[in-house]
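Participant: Return a 3D structure for these sequence lines:
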Amino acid sequence: MINVKKLVHNAKMPTKAHHNDACFDMWAVNKTETPQYIQYGTGIALKIPDGYVGLIFPRSSITKEDLMLKNSVGVIDAGYRGEVCFRFTKIVNDTWEKYIIPDGKTIEHMINVGVPERELQTYEVGDKIGQIMFIKLPEIKLQLVNELDDSTRSEGGFGSTGK
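Facilitator: Okay, the predicted model is just below:
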């Protein structure tokens with residue numbers, strides 16, 4: 001059981017659209033905009049039990065907006081009792097422009113065009129802005145060692161397993 005506290009009258013209880021959904025939808029009750037980000041407050045605080053974590057994700061509808069969740073996935077630890085907020089980075093679409101080079105060939109060159117001519121597409125107060133998933137954490141203990149067993153991947157890093 002997760003206790004939910006409404007911090008403001010118009011806060012909406014997190015809900016699932018379908019009983020077998022992985023996440024609970026959350027709504028914006030306020031919006032704060034700065035040059036660097038847009039933050040939406042949900043007006044909700046939670047008491048997540050020890051041994052659990054809340055993970056906040058953008059909704060799939062984020063593809064219709066010019067926003068990206070600033071920290072990719074938000075982590076709400078069991079000890080946190082403040083308002084659950086979603087902070088988004090404003091993103092500007094890149095565009096492809098064709099350039100003619102002196103020898104007459106056409107090349108496509110991607111450039112960042114800055115602020116788009118259209119208005120930035122964002123969520124508004126009252127919109128569903130994200131979702132939260134609750135996960136039971138495994139008990140993990142860390143042990144300091146001098147050596148690690150080898151593996152087939154070994155120290156292969158980014159892209160080391162192929163395309």
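
Participant: list the contacts for Ala45?
Facilitator: The contact partners of Ala45, taken as C-beta atoms under 8 Å, 6 or more residues apart in numbering, are 4-5, 7, 81-84. C-beta here means a position set from N, CA and C on the backbone, and glycine is covered the same way.

Participant: typo on my end, Gln39
Facilitator: Per C-beta under 8 Å, 6+ apart, neighbours of Gln39: 31-33, 85-88.

Participant: Just those: which are in strands?
Facilitator: The strands, defined by DSSP state E, take in 31-33, 85-88 from the contacts of Gln39.

Participant: so how many other residues sit close to Val125?
Facilitator: 13 (other C-beta atoms under 10 Å).

Participant: Assign it to helix, strand or coil.
Facilitator: Under DSSP: H, G, I helix; E, B strand; the rest coil, the three-state class of Val125 is coil.

Participant: got it, and Ser61?
Facilitator: Going by three-state DSSP: Ser61 is helix.

Participant: ok, it to Gly74 distance?
Facilitator: Separation of Ser61 from Gly74 (C-beta to C-beta, to the nearest Å) stands at 17 Å.

Participant: the more surrounded of these two?
Facilitator: Applying other C-beta under 10 Å to Ser61 and Gly74 shows that Gly74 carries more neighbours, namely 18 against 12.

Participant: Out of the ones in strands among the contacts of Gln39, which end up buried?
Facilitator: Neighbour counting by 16 or more other C-beta atoms under 10 Å classes 31, 85-88 among these as buried.

Participant: can you give me the strands in this protein?
Facilitator: Using DSSP E, the strands of the chain run over 3-6, 24-27, 30-33, 38-47, 52-57, 67-69, 74-76, 83-90, 95-100, 106-111, 128-136.

Participant: what lines up beside the third one in the sheet?
Facilitator: This points to strand 30-33. Next to strand 30-33 in the sheet, as set by DSSP bridges, lie strand 38-47 (antiparallel).

Participant: Fine by me, we can end here.
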